[in-house]
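Asker: Just need the structure, nothing else, for what follows:
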Amino acid sequence: MKLFGPLYDKMLAWSSHRLAARYLAAVSFAEASFFPLPTALLLAPMALAKRERAWHFAALATVTSVLGGVFGYFIGAFLFEPLGRPIVEFYAAQAQFDAVQTWFGDYGAWLVLLAGVTPIPYKLVTLASGLLGLPLLWFVAASVAGRAAQFYLIAGLLWWGGAAVDRQLRRWAEPAGWGAVALAAAAYWAWR
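Answerer: Next up, the predicted model:
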């Protein structure tokens, strides 16, 4: 059953939509504080579809992601019980959130930078940053550095690789997509 190849084609078509930049901004903002889908899922096809605007898309994703991170920071600082805790519970991420809080003792703002470029859930770090009182200036600086590194790397690789990257993505869309589903299912069962 082919699912991820046609989905990839659909994402490329959507990325050329006249409102695609607004969708990227909304997804990037929301992903930083509460939304589950990574910004890269929209940024990558947009950078491929309109390579001349790849740097613009990376900048837009960076700015809106940091603003979303500040939103998450304020949820953690002022509204953790009514909003932050339900977000953590929705993702069944209490153990991860506890680990993030522990890591803050050792790494502080470096953890924010690391979460900006790694699979550490950035939304958990934004909530924990506010909850634990990381200085806002340090939070913003680390967020800008981390998120820009991720988004400009993605845009740069797609700008540079262009058609060759597109061919490889088409070739590996099905196995990579089903592999991601298998990993997600395994992670879900492991956390239960």
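
Asker: Which residues are in contact with the residue positioned nearest the centre of the chain?
Answerer: For the chain, the residue nearest the mean C-alpha position is residue 38 (3.7 Å; Cα atoms, centre = their mean). Listed by Cβ atoms under 8 Å, 6 or more residues apart in numbering, the contact partners of residue 38 are residue 31. The C-beta positions use only the backbone N, C-alpha and C, and glycine is treated the same way.

Asker: if I look at it, how far off is residue 49?
Answerer: 18 Å (Cβ to Cβ, to the nearest Å).

Asker: Same question for residue 186.
Answerer: In terms of Cβ to Cβ, residue 186 sits 32 Å off from residue 49.

Asker: and if you look at residue 40?
Answerer: From residue 40 to residue 49 the distance is 14 Å (Cβ to Cβ).

Asker: Give the next helix or strand downstream of the helix or strand bottoming out on mean pLDDT in the chain.
Answerer: Lowest by mean pLDDT, DSSP states H and E among the helices and strands of the chain is helix 4-15, with a mean of 73. Next along the chain after helix 4-15, taking DSSP states H and E as the criterion, comes helix 20-31.

Asker: for that following helix, packing partners?
Answerer: helix 40-49, helix 54-78 (3 or more Cβ pairs under 8 Å, 6 or more residues apart in numbering; DSSP states H and E).

Asker: lowest-confidence stretch among the ones you listed?
Answerer: Lowest mean pLDDT within these: helix 40-49, a mean of 86.
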